[in-house]
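**Student:** Got a predicted structure plus its sequence, pasted below:
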Amino acid sequence: MECTPETERVPPPEAGRCIVRVLVELPRHVGLHEALDYRCDRPLAPGTLVRVPLGRRVVTGLVEGMAEPTPACGQVVPPAEPERLRDVAEVFDALPPMTAGWMRLLDFAAAYYQRSRGELALSCLPTALRALDGVQLQRRLKKLARRADVAPEGATPQRPVLAPGQQQALQKLVEQAPSTFLLHGVTGSGKTEVYLREAQRVLEAGRQVLVLVPEINLTPQLEARFAARFPGRRLAVLHSGLTPPQRLQHWLAAHLGQADLVLGTRMAIFASLPRLGLIVVDEEHDPSYKQQEGARYSARDLAVYRGRQAGASVILGSATPSLESWLNAAPAAEGGGRYRRIDLPERIGGGALPAVRLVDLERVVAQHGRQALRLHPISPPLLAALRERLERGEQSMLLLNRRGYAPVLHCTSCGWKSACPHCSAWRVFHKVDRTLRCHHCGSGQRVPLACPECGDPDIQPMGRGTERLEEQLATLLPQARVVRIDGDTTRQSGSLESQLAQVHDGEVDVLVGTQMVAKGHDFRRMTLVAAVDADGALFSSDFRAPERLFALLMQAGGRAGRDAALAARSEMWVQTWHPAHPLFAALKGHDYIAFARSQLDERRIAAMPPFSAQALLRADASTQELAQAFLQRAEALAGELQAAGQVSAEVFLYPPVPTSVQRVADVERAQLLVEAPRRAQLQAFLAAWVPLLDDINRPPTRVIRWAVDVDPLSI
DNA sequence: AGCACGCCGACT
DNA sequence: GTCGGCGTGCTC
């Protein structure tokens, strides 16, 4: 940053001649200004990383700009008492400043999600960077530079012949770039190849490519595909599975522009990418893109912003797009027009989609009598289908979205249930290690031998989870090799990868798992995927539950029939008491478009997202009354703002209510839903309202903690 | 949020 | 007598 006119002589450096505004990691409730002023002997470019004294410690900060300019620039108001300012302790000169584009992303995200810029900025830089001083950083950079010199030049990779649909997709990407594209295509329609080709084009133009995946589990396979396709290119990965030094290493490779490809989970949206040319958001509908703690940002939404301001295309890929994205990609006349939709109509290699079969549990009972439910949740027809696969040497997968043996244990004589003493939830019975465990707070106990209330030894599991399903299968199909993969098995015995390898190697006949096995993994010999108990989501109070269920079932169905030879007899089974539900009709036809249309119609009529914008104010306290009192005060403040005409009267606040799980780890939780017809109105409202909330709880207490969730995914 | 200073209980 | 609880106050 050069402000001095060239004709003017540069004066000798004089300590504290300039004043820099520095963002430091302080939450907004602290009440200090967003940026703190420091003296510095020279101007510093915005985006420069510095170490500054703050109270009794020295912290890492990010230069926002100059508060008092060098004389020729003179437009900014100097702070009141420049004499009392402290000096910048150290400037990270060895590190290029964050780009203006990154700073804009920061500003946008902080404002949109109601966080302080300093807090957001510093929390999305690698923690290891904050711990380093200038000398250590220099050492790191040297090491990195050495490694950059030896970029391997591999053999020319094989590229598959493109299907016509893929060719057309790529043509649109070229012709309409840069813009935001919604790439809609079923599992196996070749979306990844489209990403790879477009990435190649962008890389050849000398720009960087950012690829986001929903879960850390999905990074290795995509990383392998990109690495194989671009052997000479440096690839950086960013996710929470890296050690702090690894994360710093990869972050620096991206920041210095040495890595051309950056692949990661939602946190990677904040990667420093000085030459960004393309962002891919794979499985864009996945709820994992929304951060659920701290700054509750949506990496997918930020990707759209970032791409737009960087002049980079954004590809949102999914077989079952979020309804938000689907609407944005609709014609302008229907309320869309912001994204361009590209369809990949068919499966590559002509693989057929699995036939969807609904098992009407009502009819099963009618035909086989109520004793058929003894087998529940495996109905006689499903059992027969599993046997068939077993005889043919094919694999099956049973999905049940519930870990453990049974969600609750109960006493048949006195009615005692295994309640968690710290949460308003049941402790789940885990038979494997004979424990009762709360899935909310993690607390547990050994399974009691008798009812703790009345001493009756007859305590029974109610309902079923994956453990019990696995056990039932072992009884029903004694000759089958059954394996269970869920959060519990991946936690105790190695990685998901190694367990999946068993399945790939054909050592498994039936796979039982939660939704984690339904995502992204291809099993070539899998010809049956069954959702054993899907009804829960049909009548949920969460208006997004059907959308999530449909996506999950479509995605799970996509696991079957990846082998073209077996595709013809691949089936997706769903057991339900409500076979007439319209969701299933759409599923049978693999008709996302019809499903989206009906869902959007419902949402439009009810003025729910994406036809309105929402934010949630959450409060945690020692009692429900305290939490709700905070929210009521917040509600009253909103009313005052509206009465004074300072915010739109169209913003609607629902009454405060307890959250769906009211108490977690002895903390009572309540929430207040805010709804506005448009995002802009909601944003304007939050900008006026949220700063007032600090005052309700000032000084900040441990009794009440609160947070705002903009565009919440579950209410 | 950190991190200090600052006054009241059970321990080397 | 000290170590340590967390209550209030400050950080450019």
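**Tutor:** Looks like it arrived, so ask away.
**Student:** And residue A:301, its phi and psi?
**Tutor:** The phi/psi pair for residue A:301 (degrees, to the nearest 10) reads phi -70, psi -40.
**Student:** got a list of what it touches?
**Tutor:** Contact partners of residue A:301, counting by C-beta atoms under 8 Å, 6 or more residues apart in numbering, are residue A:711. C-beta coordinates here come from the backbone N, C-alpha and C atoms, glycine included.
**Student:** can I get the CA coordinates of stretch A:265-280 in CSV?
**Tutor:** Provided in CSV are the C-alpha atoms of stretch A:265-280 (Å, rounded to 0.1, in the frame of the first residue of the first chain):
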residue,chain,number,x,y,z
THR,A,265,-14.9,-29.9,4.1
ARG,A,266,-16.9,-26.8,4.8
MET,A,267,-14.1,-25.1,6.6
ALA,A,268,-12.2,-25.0,3.3
ILE,A,269,-14.5,-22.3,2.1
PHE,A,270,-12.3,-19.8,4.1
ALA,A,271,-9.1,-21.1,2.5
SER,A,272,-6.9,-18.4,1.1
LEU,A,273,-6.9,-18.7,-2.7
PRO,A,274,-5.2,-15.8,-4.4
ARG,A,275,-6.0,-17.2,-7.9
LEU,A,276,-9.4,-18.7,-7.3
GLY,A,277,-11.1,-19.7,-10.6
LEU,A,278,-13.7,-22.4,-9.7
ILE,A,279,-15.6,-23.7,-6.7
VAL,A,280,-17.2,-27.1,-6.7
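**Student:** average pLDDT for that stretch?
**Tutor:** Stretch A:265-280 shows a mean pLDDT of 98.
**Student:** can you pull the buried residues of the top helix by length along chain A?
**Tutor:** Secondary structure of chain A per DSSP state H: the longest helix is helix A:624-643. Using 16 or more other C-beta atoms under 10 Å as the test for burial, helix A:624-643 gives A:624, A:626-635, A:637-638, A:641-642.
**Student:** Going along the chain, name the helices of the stretch 1-150 of chain A.
**Tutor:** Here the stretch 1-150 of chain A has its helices, by DSSP state H, counting those that start in this stretch, at A:100-112, A:117-123, A:127-131, A:134-149.
**Student:** Looking at those helices, which is nearest to residue A:550?
**Tutor:** Counting by C-beta to C-beta, residue A:550 lies closest to helix A:100-112 out of those; the figure is 28.0 Å.
**Student:** now the closest one: how far from the chain's centre is it?
**Tutor:** 19 Å (C-alpha atoms, centre = their mean, to the nearest Å).
**Student:** who's in contact with that helix?
**Tutor:** Around helix A:100-112, the neighbours that count as contacts under C-beta under 8 Å, 6+ apart are A:46-47, A:64, A:98, A:115-117, A:119-121, A:270, A:272-273, A:276, A:295, A:297, A:302, A:305-306, A:309-310, A:683, A:687, A:710.
**Student:** So for the longest helix of chain A, mean pLDDT?
**Tutor:** Helix A:624-643 comes out at a mean pLDDT of 95.
**Student:** For residue A:657, give me phi and psi.
**Tutor:** phi -140, psi 160.
**Student:** For the residue of the stretch 301-450 of chain A found nearest DNA strand C, which three-state class applies?
**Tutor:** Closest to DNA strand C within the stretch 301-450 of chain A is residue A:422: 18.2 Å, counting by C-beta to the nearest atom of the strand. Under DSSP: H, G, I helix; E, B strand; the rest coil, the three-state class of residue A:422 is coil.
**Student:** That one and residue A:441: what is the separation?
**Tutor:** 5 Å (C-beta to C-beta, to the nearest Å).
**Student:** again, but for residue A:92
**Tutor:** 41 Å.
**Student:** Please identify the most buried of the helices of the stretch 1-150 of chain A.
**Tutor:** Of all the helices of the stretch 1-150 of chain A, helix A:117-123 has the most neighbours on average by mean count of other C-beta atoms under 10 Å, namely a mean of 22.
**Student:** Could you chop chain A up by domain?
**Tutor:** Following automatic domain parsing, one gets these domains for chain A: A:18-124, A:161-344, A:355-403+A:465-605, A:406-463, A:613-710.
**Student:** can you give me the strands for the stretch 551-700 of chain A?
**Tutor:** A:571-576, A:613-621, A:652-653, A:657-664, A:667-676 (DSSP state E, counting those that start in this stretch).
**Student:** for the stretch 101-250 of chain A, same thing?
**Tutor:** A:180-185, A:208-212, A:235-238.
**Student:** if you compare those, which one is most tucked away?
**Tutor:** Of these, the one with the most neighbours on average (mean count of other C-beta under 10 Å) is strand A:208-212, at a mean of 28.
**Student:** what about the longest strand in chain A?
**Tutor:** Among the segments of chain A that qualify as a strand by DSSP state E, the longest is strand A:57-68.
**Student:** hmm, that strand touching DNA strand C?
**Tutor:** No: against DNA strand C, strand A:57-68 shows no contacts by C-beta under 7 Å from any atom of the strand, the least distance being 8.2 Å.
**Student:** Who are the packing partners of that strand?
**Tutor:** strand A:18-24, strand A:35-40, strand A:49-54, helix A:117-123, helix A:127-131 (3 or more C-beta pairs under 8 Å, 6 or more residues apart in numbering; DSSP states H and E).
**Student:** can I get the CA coordinates of the second one in CSV?
**Tutor:** Written as CSV, here are the backbone C-alpha positions of strand A:35-40 (Å, rounded to 0.1, in the frame of the first residue of the first chain):
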residue,chain,number,x,y,z
ALA,A,35,-10.9,-3.3,15.0
LEU,A,36,-8.3,-2.0,17.5
ASP,A,37,-5.9,0.8,16.6
TYR,A,38,-2.1,0.3,16.9
ARG,A,39,0.9,2.4,16.0
CYS,A,40,3.3,1.2,13.4
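**Student:** Residue numbers of chain A in contact with DNA strand B?
**Tutor:** So chain A meets DNA strand B at A:25, A:26, A:27, A:29, A:30, A:55, A:56, A:57, A:700 (C-beta under 7 Å from any atom of the strand).
**Student:** if we go to 6 Å?
**Tutor:** A:26, A:27, A:29, A:30, A:55, A:56, A:57, A:700 (C-beta under 6 Å from any atom of the strand).
**Student:** Least confident of those?
**Tutor:** residue A:700 (74).
**Student:** Touching, that one and residue A:29? I think so.
**Tutor:** Yes: counting by C-beta atoms under 8 Å, residue A:29 is a contact partner of residue A:700 at 5.4 Å.
**Student:** Can you work out which residues contact both of those two?
**Tutor:** Joint contacts of residue A:700 and residue A:29 (C-beta under 8 Å, 6+ apart) are residue A:694.
**Student:** Tell me, please, the helix or strand in chain A that averages the lowest pLDDT.
**Tutor:** helix A:564-567 (a mean of 75; mean pLDDT, DSSP states H and E).
**Student:** Sketch out the low-pLDDT regions of the stretch 51-200 of chain A for me.
**Tutor:** The model of the stretch 51-200 of chain A has pLDDT under 70 over residues A:68-82, A:148-154.
**Student:** Let's see that with 80 instead.
**Tutor:** Low-confidence segments of the stretch 51-200 of chain A, defined by pLDDT under 80: A:68-83, A:131-134, A:147-155.
**Student:** returning to what we had before: need the helices and strands packed on strand A:57-68 in CSV (columns: distance to DNA strand C).
**Tutor:** Shown next, in CSV, are the helices and strands packed on strand A:57-68 (distance: least, C-beta to the nearest atom of the strand, whole Å):
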stretch, distance to DNA strand C
strand A:18-24, 8
strand A:35-40, 4
strand A:49-54, 4
helix A:117-123, 12
helix A:127-131, 16
